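K.L.:
quick one, fold the following:
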Amino acid sequence: MSGTLPESIEPKLMIMLVGLTRDGRTSVMNTLLGIDQKHGPSPSSQTTECKMATVQRGDQELVIIDTPGVLNNKKSEEEVKKDIAESITNAALDGGPHVFLLVMRAKHFSEKDKDAVEIIQQIFGDEFKDYTLVLFTRGGRHVPTYKEVMEVDFLKKFIHGDHSFHSFENNACKNVKGEEKEKQVSDLVEKINKMVVKNRKRNAARYTSKMLERAQEIQKEMEMSEPNDTKADIVCKTVEKFVTGVVGEPWVGLVFGIVKSAMEKVDKYA
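P.N.:
Numbering: from 1, shown residues only. Below you'll find the predicted structure:
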């Protein structure tokens, strides 16, 4: 990429890496930074705190943020959630991430993978899916097809075509080297830019701190809900609080009734 950037392309892309411990986020960060990796990370290596680095690719600057791995055995789940949420808050000072790279090994997926994705979804809420690109590592061994990815139930919500997932080989590999390694980065950046353009058309080019606040509020409501509360009850309690502050008391009953009716139908067919 050289010369003047098209108006549709951001001069600076903020990229946040999230995923399960030891699935290759740090190696992905090094690949994006152009750091050669002749050997993979040690089996005991874990990112336990947020890391940030920048790299210039042509006329576009990449700001890469690596977060602590979910289900990290050096920290509790609550500590990891707090660290990741704080990293988003810090990123929000610069406008917020354009994309979350959900980093996963290309393999037979386990319950642990599913649990990790669910925890990440809890942290960031439903809007997370609009800013997520699934990045599979160890692409020198296997590159998942669209059909294979769509067979993984807990990943379906993030997949909207071939442009919403990608594969990387981060280490020295006879099947992926030289120009191919450079192309995998260029192709990823191209996919991210397409996602940004799509989100900008919705007037939401970035995941913002307000989105995180909404997600955290819903999470608190779920944690404080009664054991017998349905999903409809939990969502409606949150909506009632929000609507009261925005449109005032007279309209609360109408909006609340519509939301409750819709959520009860969701519960019925869930």
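K.L.:
next, the buried residues of the helix or strand where K210 lies.
P.N.:
Here K210 sits within helix 209-224, counting by DSSP states H and E. By 16 or more other Cβ atoms under 10 Å, the buried positions in helix 209-224 come out as S209, M211, L212, R214, A215, Q216, I218, Q219, E221. To be clear about C-beta, it is placed using only N, CA and C from the backbone, and glycine gets the same treatment.
K.L.:
what about the helices in the stretch 151-270 of the chain?
P.N.:
Per DSSP state H, counting those that start in this stretch, the stretch 151-270 of the chain carries helices over the ranges 179-200, 209-224, 231-247, 249-269.
K.L.:
same for the shortest one, what does it pack against?
P.N.:
With contacts defined as 3 or more Cβ pairs under 8 Å, 6 or more residues apart in numbering; DSSP states H and E, the secondary structure elements packing on helix 209-224 are helix 77-92, helix 111-124, helix 231-247.
K.L.:
could you tell me the least trusted of those helices?
P.N.:
Ranked by mean pLDDT, the helices and strands packed on helix 209-224 end with helix 231-247 in last place, scoring a mean of 48.
K.L.:
in which helix or strand does the closest residue to L33 other than its chain neighbours reside?
P.N.:
Among residues not flanking L33 along the chain, V55 sits closest, at 4.9 Å (Cβ to Cβ, 6 or more residues apart in numbering). Remark: V55 resides in strand 51-57, with elements defined by DSSP H and E.
K.L.:
could you give the angle of that strand to helix 179-200?
P.N.:
Put simply, strand 51-57 runs at 100 degrees to helix 179-200, going by axes from the mean of the first three to the mean of the last three Cα atoms, to 10 degrees.
K.L.:
mind listing what's buried in strand 51-57?
P.N.:
K51.
K.L.:
going forward can the numbers begin at 179, since that is how I track them
P.N.:
New numbering, starting at 179: the last item is strand 229-235.
K.L.:
then it to PDB, C-alphas only?
P.N.:
Only the C-alpha atoms of strand 229-235 are listed here, as PDB (Å, rounded to 0.1, in the frame of the first residue of the first chain):
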ATOM      1  CA  LYS A 229       0.800  -5.400  25.500                       C
ATOM      2  CA  MET A 230       0.700  -2.800  22.800                       C
ATOM      3  CA  ALA A 231       2.900  -2.100  19.800                       C
ATOM      4  CA  THR A 232       2.600  -0.300  16.500                       C
ATOM      5  CA  VAL A 233       3.900  -0.900  13.000                       C
ATOM      6  CA  GLN A 234       3.700   1.000   9.700                       C
ATOM      7  CA  ARG A 235       2.400  -0.900   6.700                       C
END
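K.L.:
with that, I have no additional questions.
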